[in-house]
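In: show me how the following folds:
(chains A and B, ligands or ions: 1)
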Amino acid sequence: MSHTASKIHADKAAIFCKDEDRVNWHSKALWLLREKRDRAASSLPEWEQLRQLGSEIKLHTLTNLAKYLEMFEQNCQANGIQVHWAKDAAEHNEIVHGILSHHQVKKLVKSKSMLTEECHMNPYLEERGIEVIDTDLGERIIQLAGQPPSHIVVPAIHLKKEEVGELFHEKIGTEAGASDPTYLTRAARAHLREQFLSADAAMTGVNMAIAEKGAVVVCTNEGNADMGANLPKVQIHSMGMDKMVPNLDSAAVLLRMLARNATGQPVTTYSSFYRGPKAGGEMHVVIVDNGRSNMLKDKILAESLKCIRCGGCMNTCPVYRRSGGHSYNYTIPGPIGIAVGAQKDDTNSIAWACTLCGSCTQVCPTKVPLDKIIHHHRRLKAEAGNLPYGKRSYMPVVGKVMGSAPMLNTSMAMARTALRILPGSLLKPFAGAWGKYRELPVAPKSSFEAWYKKNRS
Amino acid sequence: MSSKSFILKALEQTAIAPQPMPEINVAPRVDDLIGQFETNLNTVAGVLHRAGSLDLVQEKVNTLVAEGKQVISLVDGINANRETPEDQHDLKDIDFAVIPGELAVAENGAIWVKQPEGHRVTPFICENLLLVVEADNVVANMHQAVKKLTLDSGKFGAFIAGPSKTADIEQALVVGAHGACSLNVYLV
Ligand code: SF4
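Out: Numbering: from 1, shown residues only, chains lettered A, B, ... in the order given. Below is the predicted model of the structure:
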């Protein structure tokens, strides 16, 4: 599927595209989510008002982030919650390990958290002898398969039920050949229940952190975060510092959009508010920077921190749907993955995994200007001399030709003639990657310039 | 420098212009609140019973107990056959839990459940969940709900909208993931 030496987006996408049926199926599954989202959004007359509010709430919080983080910490402490600060992934992992080893934790049950993926926490803890069990069904599937998630909301969207059946047969002993989703889900429920009941600590991500209350909000459909956090003595919540909101009223606005924009549900099954540890237990919150404060220093990149991780932009993205989440050289794929990951992308290719069609920006519940951010990344890459392989050689030439009218006219005339008289098979190689999945255009009889001169000037 | 000071210092250089906090003033849809709630509860795979009185809830519990089900009740006035155990792990064979809901939200079918007596895990570990909500406590939307709910310091609370579910295998909806496999709501 996605195992390749190359980390370049187009190369990895090409491997995914080899199986045409799978690509079509993948694209359709995501489009279904997009359609459900459209229905949910259009059933609320106030949808656009909510988007505007969502955007303004997040911007307000980001421009006052230091104030709200400190308020949050103080209120958490007043509620009996222990707060930790991590400037990067390494420190996050050390803090978590510190808490776990203090309690001699052997088994950690974890609900979905893209932040811990970003920090590569699982392998870090496993190397130190702690068993980490992902408990979201999709996450558990890919954990058993030894793969990273390919989507932030539906992490195993790239796998078919037969593949899950085979995997479960091998790893948790379901019947050979069984592929019924209900049967497989029930088997996973029984298997994971044992894990919940025997875990020493639980960890969850955070959907929102409420400054005024000193509380964190965790949303799931499966109930795995709550089965986890409420059973063992120790609960840990890891949050990117962009998850801050000022108060309950702001959380209400975002909660109205999160699930609707993700899967078309009116709200997730469980939206849980933790404002302190259970009796006799401990609750920890780890606030993580890991590059976020740096992004805030750039006016355009800063807006990507308005994201509430609904995944809506992936479901609508024509590139994501047809290249799969594993083709992006980053933990988070799709448009938002490019927005927050392009700076760290050493292949300098993911900023180009986008048609700039802007569909993502239109569906985003907090109005993250994704296309603008992605375009900005390309400029930053170009200015740093980091154009991806291929573009580096011909882009300057294209620039010269496009900048000079006579040169452009001559070359376009040549192209029109060539398209008319030469066979496609001879010309296709010249179309490069562009022509790989496309037919060559039919050449117009004359140029636009000639037409314009005759008819308009 | 501590990481906290490092982060707070880095935040001094934020490039975006200060934005005021917007006023949140969204017009609620107030027609037929209970009807709206029922429709949305159905969407999230829950079932509404317009019971009208606790007697009907007790009748339901009696039937379940007669069938040999393990039932625990945290609602005053409803008697069941199991007590809150010392160790929360002993809740693992509870078939039905009857728990009070503080508010119901018409717009999305969610019910605000305050920290239950005994163990926090009760609403999640039981096989099936019965929530009892007063009919006067149905609010139009989440904006109204957060104004009215209680979430005390050191406590927990959750909006619960339907039984647990997943669509992680080929997008096929399966009801009953890790939490309760069914949700029945009684309006009294
Ligand atoms: S950028 Fe917007 S659409 Fe994409 S995941 Fe974030 S909030 Fe959702």
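In: what's stretch A:76-88 in contact with?
Out: Residues from elsewhere that reach stretch A:76-88, judged by Cβ atoms under 8 Å, 6 or more residues apart in numbering or on different chains: A:72-73, A:92, A:94-95, A:214-215, A:275-277, A:282-291, B:2-4, B:6-7, B:153-154. Any C-beta I mention is one placed from the backbone N, CA and C, and that applies to glycine too.
In: same thing with stretch B:102-112?
Out: With contacts defined as Cβ under 8 Å, 6+ apart, stretch B:102-112 is touched by A:256, A:266-267, A:271, B:29, B:33-34, B:36-37, B:39-44, B:46, B:101, B:113-114, B:131, B:133, B:137-142, B:145, B:148-150, B:157-162, B:185, B:187.
In: in PDB, list the C-alpha atoms belonging to it.
Out: What follows is stretch B:102-112 as a C-alpha-only set of coordinates in PDB (Å, rounded to 0.1, in the frame of the first residue of the first chain):
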ATOM      1  CA  GLU B 102     -30.000  17.300  34.100                       C
ATOM      2  CA  LEU B 103     -30.800  18.800  30.700                       C
ATOM      3  CA  ALA B 104     -31.800  17.600  27.200                       C
ATOM      4  CA  VAL B 105     -30.800  19.600  24.100                       C
ATOM      5  CA  ALA B 106     -33.400  19.800  21.400                       C
ATOM      6  CA  GLU B 107     -31.000  20.700  18.600                       C
ATOM      7  CA  ASN B 108     -28.900  17.600  18.800                       C
ATOM      8  CA  GLY B 109     -30.500  15.000  21.000                       C
ATOM      9  CA  ALA B 110     -27.800  15.200  23.700                       C
ATOM     10  CA  ILE B 111     -28.500  14.900  27.500                       C
ATOM     11  CA  TRP B 112     -26.200  16.500  30.100                       C
END
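In: now that stretch, how far from the centre of its chain.
Out: From the chain centre to the centre of stretch B:102-112 is a distance of 8 Å (Cα atoms, centre = their mean, to the nearest Å).
In: re earlier: list buried residues within the contacts of stretch B:102-112.
Out: Buried subset of those (neighbour count, 16 or more other Cβ atoms under 10 Å in any protein chain shown): A:256, A:266-267, A:271, B:33, B:36-37, B:40-41, B:43-44, B:46, B:101, B:113-114, B:131, B:133, B:138-142, B:145, B:149, B:157-162, B:185, B:187.
In: ok, which stretches of the chain are strands?
Out: As the question left the chain open, I've gone with chain A. Ranges of strands in chain A, per DSSP state E, are A:82-86, A:107-110, A:131-134, A:201-204, A:208-210, A:215-220, A:234-240, A:244-245, A:270-274, A:282-288.
In: please refer instead to chain B.
Out: Using DSSP E, strands in chain B cover B:47-49, B:71-73, B:96-100, B:103-105, B:111-114, B:128-133, B:138-139, B:156-160, B:165-166, B:174-175, B:182-187.
In: show me what the second one is packed up against.
Out: In terms of contacts (3 or more Cβ pairs under 8 Å, 6 or more residues apart in numbering or on different chains; DSSP states H and E), strand B:71-73 is packed against helix B:54-66, strand B:96-100.
In: check which helices and strands the first one sits against.
Out: The helices and strands touching helix B:54-66, judged by 3+ Cβ pairs under 8 Å, 6+ apart, are strand B:71-73, strand B:96-100, strand B:128-133, strand B:182-187.
In: got TSV for these, with mean pLDDT too?
Out: Shown next, in TSV, are those (pLDDT from 0 to 100):
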stretch	mean pLDDT
strand B:71-73	98
strand B:96-100	98
strand B:128-133	98
strand B:182-187	98
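In: what would these look like in JSON lines with distance to the ligand?
Out: As requested, the helices and strands packed on helix B:54-66 are arranged in JSON lines below (distance: least, Cβ to the nearest ligand atom, whole Å):
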{"stretch": "strand B:71-73", "distance to the ligand": "39"}
{"stretch": "strand B:96-100", "distance to the ligand": "33"}
{"stretch": "strand B:128-133", "distance to the ligand": "30"}
{"stretch": "strand B:182-187", "distance to the ligand": "27"}
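In: how about a markdown table for those, with distance to A:K18 added?
Out: Listed next are those as a markdown table, based on distance: least, Cβ to Cβ, whole Å:
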| stretch | distance to A:K18 |
| --- | --- |
| strand B:71-73 | 54 |
| strand B:96-100 | 50 |
| strand B:128-133 | 46 |
| strand B:182-187 | 43 |
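In: how about the residue in chain B positioned nearest to the ligand, nearest residue that isn't a chain neighbour?
Out: Nearest residue of chain B to the ligand: B:I16, at 16.3 Å (Cβ to the nearest ligand atom). Using Cβ to Cβ, 6 or more residues apart in numbering or on different chains and skipping residues adjacent in sequence, the residue nearest B:I16 is A:A302, 4.9 Å away.
In: before we move on, what about A:S271?
Out: B:F159 (4.3 Å).
In: just checking, that neighbour touches A:V267?
Out: Yes: the pair B:F159 / A:V267 is scored as a contact, 6.6 Å apart, by Cβ atoms under 8 Å.
In: quickly list what's touching both of these two.
Out: By Cβ under 8 Å, 6+ apart, the residues touching both B:F159 and A:V267 are A:255, B:105, B:110.
In: make sure the residue of chain B closest to the ligand is actually in contact with A:E303.
Out: Yes: between B:I16 and A:E303 there is a contact at 7.4 Å, judged by Cβ under 8 Å.
In: the two - which one has more neighbours?
Out: Neighbour comparison, B:I16 and A:E303: the larger count goes to A:E303, with 25 against 17 (by other Cβ atoms under 10 Å in any protein chain shown).
In: for that one, what are its contacts?
Out: A:59, A:368-369, A:373, B:16.
In: what count of nearby residues applies to the residue of chain B found nearest chain A?
Out: Residue of chain B nearest chain A, by Cβ to the nearest Cβ: B:G179 (2.6 Å). The local packing of B:G179 (other Cβ under 10 Å) involves 29 other residues.
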